[in-house]
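Peer 1: Got a predicted structure plus its sequence, pasted below:
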Amino acid sequence: MIIAALSVIVFLFGLPSRAAVLDALPNAMAQGGMVHIDVVFTGNMSASFTSTLEFGGSVVPPMKPLTLWSPGDTINPSKAYYDEIDPTQSAMMFSSRWGFRLDTDNSVPVPTGTSLGIRMTSCTPGLGAYFYNSVGSGTFQPVFLTTAAPHDYVLWSGTMWHPYFTMPNTTPHGTTINATFEFFLANQTNSGNVDWTTTAGYEPGYTVGTQTITWTAIPEPSVMGLFIGASMALAVVRLRRGR
């Protein structure tokens, strides 16, 4: 019975087509394409920031574990994101499709001695956010409200940036995950494209803007769930044979 059910699992879901040790995570394009929050700094103190969601907010990216993004593959243990992403470790669901992009056509330069700030003001419990870089051992730096992040904000140059967002693989299938961000003018200059270490406050007189983004949780089906599904499929096959 078990062997037959496992055979049905293979028939229904297939075997991994490849098995590689990855030195980089699947990027936004491999996950289905980039989608952006377009931010405008107006310079108007009473309405300093506006923002829009690309595609009118109609795109809700899935958040999935590596086993679904890249079946059979694992993460090089020397990489900084091994503990969070590898299927044998935390096996977190992730997505990097959402990114921040400054609308330079409609923005004005920030005043001297200031920078753009992005603060996460709220999110679905368990959501993590990371600054990612695959060079060398890799960078997977906690940012925003993620545990161990230095601040709940980053200072930003305005250059397009796609953080990696994560959720536990135990999140129920179909759960809507969300995060709300605040855009503000910081009273310190930033270091690099994304600066998560510099302490900054609000530049006096300027207002903030807000935006919320969402994902849909697509965790890996449990082995028991697959077994039950395979058993049901096998029962249907037997019933048809009996008829």
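Peer 2: Ah, there it is. The structure displayed is predicted, hence computed values, not measured ones.

Peer 1: Endpoints of stretch 43-61, how far apart?
Peer 2: Across stretch 43-61, the terminal residues are separated by 32 Å (CA to CA, to the nearest Å).

Peer 1: Contacts only, for the residue nearest the centre of the chain.
Peer 2: Taking CA atoms, centre = their mean, the centroid of the chain lies closest to Phe165, which sits 2.6 Å from it. Phe165 makes contact with Met63, Phe94, Ser95, Ser96, Trp98, Leu127, Gly128, Ala129, Tyr130, Ile177, Ala179, Trp215 under the criterion CB atoms under 8 Å, 6 or more residues apart in numbering. For the C-beta atoms, the positions are set from N, CA and C on the backbone; glycine is no exception.

Peer 1: Pull out the buried members of the residues you listed.
Peer 2: By neighbour count, with 16 or more other CB atoms under 10 Å, the contacts of Phe165 hold Met63, Phe94, Ser95, Ser96, Trp98, Leu127, Gly128, Ala129, Tyr130, Ile177, Ala179, Trp215 as buried.

Peer 1: The residues you listed into CSV, with extra columns for distance to Gln31?
Peer 2: Converted to CSV, the buried ones among the contacts of Phe165 look like this (distance: CB to CB, whole Å):
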residue, distance to Gln31
Met63, 9
Phe94, 9
Ser95, 6
Ser96, 7
Trp98, 10
Leu127, 17
Gly128, 16
Ala129, 16
Tyr130, 15
Ile177, 15
Ala179, 17
Trp215, 11
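
Peer 1: Make TSV from those residues and add distance to Met34 and secondary structure to it.
Peer 2: Converted to TSV, those look like this (distance: CB to CB, whole Å; DSSP: H, G, I helix; E, B strand; the rest coil):
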residue	distance to Met34	secondary structure
Met63	15	strand
Phe94	15	strand
Ser95	11	strand
Ser96	9	coil
Trp98	8	strand
Leu127	20	coil
Gly128	20	strand
Ala129	17	strand
Tyr130	17	strand
Ile177	18	strand
Ala179	17	strand
Trp215	14	strand
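
Peer 1: Switch those over to CSV; also include pLDDT and distance to Ser46.
Peer 2: Shown next, in CSV, are the buried ones among the contacts of Phe165 (pLDDT from 0 to 100; distance: CB to CB, whole Å):
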residue, pLDDT, distance to Ser46
Met63, 98, 37
Phe94, 98, 38
Ser95, 98, 35
Ser96, 98, 34
Trp98, 98, 28
Leu127, 98, 32
Gly128, 98, 35
Ala129, 98, 30
Tyr130, 98, 35
Ile177, 98, 33
Ala179, 98, 26
Trp215, 98, 33
